[in-house]
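1. have a look at this fold, sequence not included:
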């Protein structure tokens, strides 16, 4: 576990500095990230920064992790092995996109930003609440693989997004 966490952190120039282990009947994981921002660089991406008229963008394909989670619970579902493996990998090894996020902020300017670990609807709702605006999701990004996996799971792809 620690080797995997350390490898993931190093990909983004971060270091694992320590840990705490205790005996318990179940796994409990807590992660604290600490960093500094120079005083001359105020953040221009925050949950409370949305304003009316802003567009919503997502990196990657929302919903694939959720489909992967359900596929892990339902090994009996008939699905092409490559599609199953991709969805499961998206759940077990989620990817973050800091360089892309940085480029978006640099090219588009101040914006609201959040990870989509709880789903597009819930997380965009958190931005809306923090910013005091309404969010309208009229075009959902659905990957071709998610359409196939959702069909095999007998669910609408929007359920996972």
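-> Done, it's in. Computed from a prediction, not measured in an experiment: that's the story for all the values here.

2. in this protein, which helix or strand is least confident?
-> helix 98-108 (a mean of 81; mean pLDDT, DSSP states H and E).

3. other residues contacting that one?
-> Outside helix 98-108, the residues within contact range by CB atoms under 8 Å, 6 or more residues apart in numbering are 12, 44, 45, 57, 59, 111, 113. Where you see a C-beta, it was placed from the backbone N, CA and C, and this is true even at glycine.

4. secondary structure and pLDDT for those - can I get that in TSV?
-> Rendered in TSV, the data for the contacts of helix 98-108 read as follows (DSSP: H, G, I helix; E, B strand; the rest coil; pLDDT from 0 to 100):
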residue	secondary structure	pLDDT
12	coil	82
44	coil	73
45	strand	79
57	coil	82
59	coil	81
111	strand	85
113	coil	87
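
5. which one of those sits closest to residue 91?
-> Closest approach between the contacts of helix 98-108 and residue 91, by CB to CB: residue 59, at 16.6 Å.

6. ok, the closest one touching residue 97?
-> Yes: using CB atoms under 8 Å, residue 59 is in contact with residue 97, at 4.3 Å.
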